[in-house]
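S.K.: Build me a model from this:
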Amino acid sequence: MADEYFLYIYTFEMFIKQLAYGIVLKKDAYLRDFWNILDFIIIISGWISYFLCKFVYLFIYLFI
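M.R.: Numbering: from 1, shown residues only. Prediction:
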C-alpha cells in the first residue's frame, strides 16, 4: 500500500519537473539530465509493475 503512495508522489513530482523544465527541447530540459532519465525509467517501470500485478490479480480472480 505504501509503495502505491510513493509511486503517486514520485509521478506527481516528475510531472511538475517536466512542466517546470520542459521535457526535451530546452537546454536544461528534464530528459537531458542523467538523474532525471534514471528517475523516469524507475517511475515507468514502477507503473508497468503496478499494472501487471493488477492484471494478474484480476485474471486470478476471474478465471480461477
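
S.K.: Stretch 48-58 - what's its average pLDDT?
M.R.: Mean pLDDT, stretch 48-58: 93.

S.K.: and Tyr30, how many residues sit next to it?
M.R.: Other residues near Tyr30 number 20, with proximity taken as other Cβ atoms under 10 Å. Heads up, the C-betas are built off the backbone N, CA and C, glycines and all.

S.K.: Who are the contact partners of it?
M.R.: Residues near Tyr30 by Cβ atoms under 8 Å, 6 or more residues apart in numbering: 14, 17-18, 21-24, 36, 40.

S.K.: try 7 Å
M.R.: For Tyr30, the contact set (Cβ atoms under 7 Å, 6 or more residues apart in numbering) comprises 17-18, 21-23, 36.

S.K.: Widest-spaced pair of those?
M.R.: Gly22 and Asn36 (11.3 Å; Cβ to Cβ).

S.K.: Tell me the buried residues within the contacts of Tyr30.
M.R.: Among the contacts of Tyr30, those scoring as buried are 17-18, 21, 36 (criterion: 16 or more other Cβ atoms under 10 Å).

S.K.: So in this structure, which helix runs the longest?
M.R.: For the chain, the helix with the greatest residue count under DSSP state H is helix 34-63.

S.K.: List the buried residues of that one.
M.R.: 36, 39-40, 43, 46.

S.K.: Mind putting those residues into CSV with distance to Ala29?
M.R.: As requested, the buried residues of helix 34-63 are arranged in CSV below (distance: Cβ to Cβ, whole Å):
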residue, distance to Ala29
Asn36, 9
Asp39, 13
Phe40, 12
Ile43, 17
Gly46, 22
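
S.K.: Pick the one among the residues you listed closest to Phe6.
M.R.: The closest of these, once distances to Phe6 are taken by Cβ to Cβ, is Gly46, at 8.5 Å.

S.K.: who's in contact with that closest one?
M.R.: Leu7.
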